[in-house]
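J.: My questions are about this predicted structure, shown below with the sequence.
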Amino acid sequence: MKFLAVLVLLGVFTFLVSAQLFLLISAGSGDDEATEAETTAATTTTTTAAPTTATTAAPTTATTAASTTAHKGILGLPKWLQDYLKGKLFP
């Protein structure tokens, strides 16, 4: 009976994780387009604006680019599970 309960919990956990990953992946694709538009707008502003404006716009563009590339791992999963999925714990 305990074995059946463990199997049911494992199935539910797997279903929830796969649903969460699907939602993160589908939500992540729309964010990339918005970020590209913001970066393009900031670059255009930097090239057409006065030099004083360019110095204030450059850090904003760098922050936007850094925040989009800083994503590592799978959001919402514990660190030990991310390491396990990447093969770091049990090769």
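T.: Received the coordinates, thanks. Residues are numbered from 1 along each chain as shown.

J.: pLDDT score assigned to Asp32?
T.: Listed pLDDT for Asp32 reads 53.

J.: same deal with Ala27?
T.: Reported pLDDT for Ala27: 69.

J.: ditto for Val8
T.: 90.

J.: Over to the one 5 residues further on?
T.: Phe13 is assigned 88 on the pLDDT scale.

J.: And Leu23, by the same measure?
T.: Leu23 carries a pLDDT score of 77 in this model.

J.: tell me the SS of it?
T.: Under DSSP: H, G, I helix; E, B strand; the rest coil, Leu23 falls in the helix class.

J.: how much space is there between Leu21 and Gln82?
T.: For Leu21, the distance to Gln82 equals 12 Å [Cβ to Cβ, to the nearest Å]. The way it works is simple: take the backbone N, C-alpha and C, and place the C-beta from them, glycine included.

J.: One more: Leu23?
T.: In terms of Cβ to Cβ, Leu23 sits 17 Å off from Gln82.

J.: Counting neighbours around each, name which of the two comes out higher.
T.: Taking other Cβ atoms under 10 Å, Leu23 and Gln82 do not tie; Gln82 has more neighbours (16 against 11).

J.: Could you check which helix or strand contains the more buried one?
T.: Following DSSP states H and E, one finds Gln82 within helix 79-86.
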